[in-house]
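A.B. asks: Sharing a model that was predicted from the sequence below.
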Amino acid sequence: MSDPSPPDPSVIAAAQLRYRTLFEEMDEGFCVIEFFDGPHGPLSDYIHIEANAAYARHAGIENVVGQKLREMVGEEADAWVERYGGVLRTGQPIRFEQELVRTGRHLALSAFRIEPPELKQVAVLFQDVTERKAFEQAQRTLHETLEARVQQALDERGQIEETLRHAQKMEAVGQLTGGLAHDFNNLLGGIAGAFEMIETRLAQGRLQEVERYLAAGQGAARRAAALTHRLLAFSRRQTLSPDAIVINRLLPDFSELVRRTVGPSIEVETVLSAGLWTALVDANQLESALLNLCINARDAMPDGGTITIETGNKWLDHRAAREHNLDPGQYVTVCVSDTGAGIDKATLERVFDPFFTTKPIGQGTGLGLSMVYGFARQSNGHVRIYSEVGQGTMVCLYLPRHFGEEVVEVAGPPAPTPAHAEGLWRVLVVDDEPTVRMLVVDSLTEFGCVCLEAADGPSALETLRGGKAVDLLITDVGLPGGLNGRQVADAARAFNPEMSVLFITGYAENAALNHGHIERGMEVLTKPFALADLTTRAVRLLEGRRA
């Protein structure tokens, strides 16, 4: 077998020319580097043994062939050695981007090992991407700047909204103050005028006309008390006496009251949920709130319609509770709906504002819905309103479910008369208002009680320390002298654990009353009160001591 013929020199020359042409004409920078051992350790440096013309265009370094890396770039040499050294050791090609700090160029590079490994050579193909990197940086800067501008705009919007909320609060305060001044001036005018006319008629000896002015003054006083209670409900400071009840049991009698109130042109329907849960709620205040809603519904249907009172059980998960501004859990709902004209969106946003009303002047105080809202929130619940123009309105009270047993109402004792007060009961009356103290003492004296008086907490304790046995303590909650009514009551019971206590207060001072937790033999009565109510409560407490 003959030896193969040697390669044709012309073919070799043509191939080398083709390679050189491609090498020099390619647009990307290309070089071959060869590692060697240097002062920094084995294979710690490399030299450029080959490079095309595009190398200088992309890297910004001329005549690179024969130049050693560490002489070219100094301190940044370690980063390049680490990259390409890994390719030489593993044989794994890489792609990466890195800045050539010496020239400020950002390069996109790829590298692979030239076989065999003993050559210690790596081929590098790269391209200048400085413009692209600058564009990307500009985009990032723009994005960050845009985010900053958006955040600044949101902050400014938040400040504007906060300013608006403050202005709305001040407007509400002004509206509240103006409404109070208007209503109370009317009521005080009626009371003061009635007293003036009584004084005049007494001086004239025309006693037969005194009764008419007494009735007028008492009526104005009752309306002032009702307005005060509505304000306390709105501000969530009314005194509540919650009991565990099933609301369904209230509605048969209540619906009859509503029918008599709204008139024959309005049909009243009740839809009672079977198995309704127990709620811890003040039944009287609940009925008052529902009656307000029914009256509003009646006024929305001047030509007649239907009022529906509906109860139900609701279980609110976290999402639904968040939408209703409530804690997740189980709630009893009472909803009042009508078939009236509905409420537009702008009005709907203001219906719970105090003294806001769409009724003509003189036909509504604007406290009805705000009172309902305050009652619901004070009962640890909430109220929601749903309405569309032409589709009617629904207002729903959400009251937390109570897991205790229902309290069954027991008929109370008949109103006391002086004949009930057999023997002498000793009562200590503590109030810093002399007029209130005088009226309470005079009223109880009529029932055979012996009354002691004190204007503040320390004076009350001095009376108790004097050794006089007291059967009943009647005390205001807010007192001067450093001791509130609850502290006086606790000290009084230290002298006599069987002593009954009746708190009288202008608003629900829950902190002083231990947040509504009062002991057996204690009751709360809210000012202003009828003296008949006071004596009924007092005698009931006193007779309870004997039982």
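C.D. replies: Looks like it came in fine.

A.B. asks: what number of residues lie near R95?
C.D. replies: R95: 9 surrounding residues under other C-beta atoms under 10 Å. In short, each C-beta sits where N, CA and C put it, glycine included.

A.B. asks: That one in helix, strand or coil?
C.D. replies: The local conformation at R95, judged by DSSP: H, G, I helix; E, B strand; the rest coil, is strand.

A.B. asks: give me the beta-bridge partners of the nearest residue to it once chain neighbours are set aside?
C.D. replies: Closest residue to R95 apart from its sequence neighbours, by C-beta to C-beta, 6 or more residues apart in numbering: S110 at 4.7 Å. Applying DSSP bridges to S110 yields these beta-bridge partners: R95, L125.

A.B. asks: residue contacts, the closest residue to V129 other than its chain neighbours?
C.D. replies: Of all residues beyond its chain neighbours, the one nearest V129 is A108 (4.7 Å), with distances taken as C-beta to C-beta, 6+ apart. Contacts for A108 (C-beta atoms under 8 Å, 6 or more residues apart in numbering) come out as R95, F96, E97, F126, Q127, V129.

A.B. asks: quick one: A108 is in a strand?
C.D. replies: Yes - inclusion of A108 in a strand is indicated when three-state DSSP is applied.

A.B. asks: if I look at it, how far off is L100?
C.D. replies: Look at A108 and L100: by C-beta to C-beta, to the nearest Å, they are 11 Å apart.

A.B. asks: check contacts around the residue nearest to R95.
C.D. replies: S110 touches P93, I94, R95, V124, L125, F126, counting by C-beta under 8 Å, 6+ apart.

A.B. asks: Make a ChimeraX selection of the buried ones in the residues you listed.
C.D. replies: Buried residues among the contacts of S110 (16 or more other C-beta atoms under 10 Å), as a ChimeraX selection:
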select :124,125,126
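
A.B. asks: and of the contacts of S110, the nearest to H40?
C.D. replies: Top of the list for closeness to H40, among the contacts of S110 and by C-beta to C-beta, is V124 at 20.3 Å.

A.B. asks: Is it correct that the closest one is in contact with C31?
C.D. replies: Yes - judged on C-beta atoms under 8 Å, V124 makes contact with C31 at a distance of 5.3 Å.

A.B. asks: burial measure for R401, as a count.
C.D. replies: By the criterion of other C-beta under 10 Å, R401 has 16 neighbours.

A.B. asks: in what helix or strand does the nearest residue to it once chain neighbours are set aside lie?
C.D. replies: If the residues on either side of it in the chain are set aside, R401 comes closest to Q330, at 4.0 Å by C-beta to C-beta, 6+ apart. According to DSSP states H and E, Q330 maps onto strand 329-338.

A.B. asks: ok, that strand: who's next to it in the sheet?
C.D. replies: When DSSP bridges is applied, strand 329-338 pairs with strand 305-316 (antiparallel), strand 392-400 (antiparallel).

A.B. asks: how about it: buried residues?
C.D. replies: Going by neighbour count (16+ other C-beta under 10 Å), the buried part of strand 329-338 is Y331, V332, T333, V334, C335, V336, S337, D338.

A.B. asks: In the stretch 101-250 of the chain, what residue spans correspond to helices?
C.D. replies: 130-204, 210-234 (DSSP state H, counting those that start in this stretch).

A.B. asks: ranking those by mean pLDDT, which is last?
C.D. replies: When the helices of the stretch 101-250 of the chain are ranked by mean pLDDT, helix 210-234 comes last with a mean of 65.

A.B. asks: residues near T130, how many?
C.D. replies: Per other C-beta under 10 Å, the neighbour tally for T130 reads 16.

A.B. asks: The spatially closest residue to it that is not a sequence neighbour: what's it in contact with?
C.D. replies: Among residues not flanking T130 along the chain, H106 sits closest, at 4.7 Å (C-beta to C-beta, 6+ apart). Taking C-beta under 8 Å, 6+ apart, we find H106 in contact with E97, Q98, E99, L100, D128, V129, T130, R132, K133.

A.B. asks: same thing but 7 Å
C.D. replies: Contact partners of H106, counting by C-beta atoms under 7 Å, 6 or more residues apart in numbering, are E97, E99, V129, T130, K133.

A.B. asks: A346 now?
C.D. replies: Residues near A346 by C-beta under 7 Å, 6+ apart: none.

A.B. asks: Tell me how far it lies from P434.
C.D. replies: The spacing between A346 and P434, counted by C-beta to C-beta, is 50 Å.

A.B. asks: cool, G29 as well?
C.D. replies: For G29, the distance to P434 (C-beta to C-beta) stands at 103 Å.

A.B. asks: The two - which one has more neighbours?
C.D. replies: Taking other C-beta under 10 Å, G29 and P434 do not tie; G29 has more neighbours (23 against 10).

A.B. asks: you'd agree the more buried one is up against A53?
C.D. replies: No - G29 is beyond contact range of A53, at 8.9 Å (criterion: C-beta atoms under 7 Å).

A.B. asks: Centroid-nearest residue for the protein?
C.D. replies: Residue closest to the mean C-alpha point of the chain, counted by C-alpha atoms, centre = their mean, is N325 at 6.1 Å.

A.B. asks: Touching, it and R384? I think so.
C.D. replies: No - taking contacts as C-beta under 7 Å, N325 lies outside contact range of R384: 8.9 Å.

A.B. asks: host element of N292?
C.D. replies: With DSSP H and E as the test, N292 turns up in helix 283-299.

A.B. asks: That helix - contacts with which helices or strands?
C.D. replies: If you count contacts as 3 or more C-beta pairs under 7 Å, 6 or more residues apart in numbering; DSSP states H and E, helix 283-299 packs onto helix 251-262, strand 329-338, helix 368-378.

A.B. asks: With only the CA atoms kept, save the next helix or strand along the chain from the second one in PDB.
C.D. replies: With elements assigned by DSSP H and E, the helix or strand that comes after strand 329-338 is helix 345-348. This file holds the C-alpha atoms of helix 345-348, laid out as PDB (Å, rounded to 0.1, in the frame of the first residue of the first chain):
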ATOM      1  CA  LYS A 345     -74.700  58.100  45.600                       C
ATOM      2  CA  ALA A 346     -73.700  61.600  46.800                       C
ATOM      3  CA  THR A 347     -76.300  61.600  49.500                       C
ATOM      4  CA  LEU A 348     -75.600  58.000  50.500                       C
END
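
A.B. asks: What pLDDT is listed against the residue nearest to R95?
C.D. replies: According to the prediction, S110 has pLDDT 94.

A.B. asks: got it, and D45?
C.D. replies: On pLDDT, D45 comes in at 94.

A.B. asks: Double-check that it belongs to a strand.
C.D. replies: Yes - assignment of D45 by three-state DSSP places it within a strand.
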